[in-house]
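Asker: Got a predicted model here, sequence first, then my questions.
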Amino acid sequence: MTTETQRAARDRLIEDFKQVIGDAEELLKITANETGGKIGAVRARAEENLREVRRKLEAMESDLISQTRAAASAADQFVRQNPWQAIAVAAAAGLLLGMLRGRR
C-alpha cells in the first residue's frame with residue numbers, strides 16, 4: 001500500500017469515525033428520557049466511550065497535522081538549500097506529466 005493510499009484510507013477512517021460518533025450522540029439524545037437501571041448504565045458507558053473515542057480521534061488528527069507541517073517544512077528547506085535541483089525536479093515532473101497527457 002502506498003503512502004498516498006494509506007493517507008486516503010486513514011482519512012476515510014477518520015470520517016467514518018466522525019459519522020459513527022455523530023450517530024451515537026444522536027442516539028443518546030433520543031434516549032435521554034428513557035429511564036431504568038440498565039439503560040442508565042449503558043448510556044453512561046456509551047457517553048464515556050464516546051468521550052474517549054473523540055479524544056483519540058482529535059489526537060490522531062493533531063498528529064496528522066503535525067506530520068503534514070513537518071513534511072512541508074522539510075520540502076521548503078530542501079527547496080531553499082537546493083533551488084536548481086528543485087527546479088530540475090519540477091521541470092522533469094512537468095515534462096513527464098505532459099508526455100503522459102499527450103498520449104491520450
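Answerer: Arrived safely. Numbering: from 1, shown residues only.

Asker: Give the next helix or strand downstream of the strand or helix carrying residue 13.
Answerer: Residue 13 is part of helix 3-30 when elements are defined by DSSP states H and E. Following helix 3-30 in sequence order, the next helix or strand is helix 37-81 (DSSP H and E).

Asker: I'd like the average pLDDT over that next one.
Answerer: Per-residue pLDDT over helix 37-81 has a mean of 84.

Asker: Equivalent analysis for stretch 7-24, please.
Answerer: In this model, stretch 7-24 has a mean pLDDT of 80.

Asker: Keeping just the C-alphas, turn it into CSV.
Answerer: Output of stretch 7-24 as CSV, limited to C-alpha atoms (Å, rounded to 0.1, in the frame of the first residue of the first chain):
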residue,chain,number,x,y,z
ARG,A,7,-3.4,8.5,3.9
ALA,A,8,-6.6,8.3,1.9
ALA,A,9,-7.7,5.2,3.8
ARG,A,10,-6.8,6.9,7.1
ASP,A,11,-8.8,10.0,6.1
ARG,A,12,-11.8,7.8,5.2
LEU,A,13,-11.5,6.0,8.5
ILE,A,14,-11.4,9.3,10.4
GLU,A,15,-14.5,10.5,8.6
ASP,A,16,-16.3,7.2,9.3
PHE,A,17,-15.4,7.5,13.0
LYS,A,18,-16.9,11.0,13.0
GLN,A,19,-20.1,9.7,11.4
VAL,A,20,-20.3,6.9,14.0
ILE,A,21,-19.7,9.3,16.8
GLY,A,22,-22.4,11.6,15.5
ASP,A,23,-24.9,8.8,15.2
ALA,A,24,-24.1,7.6,18.7
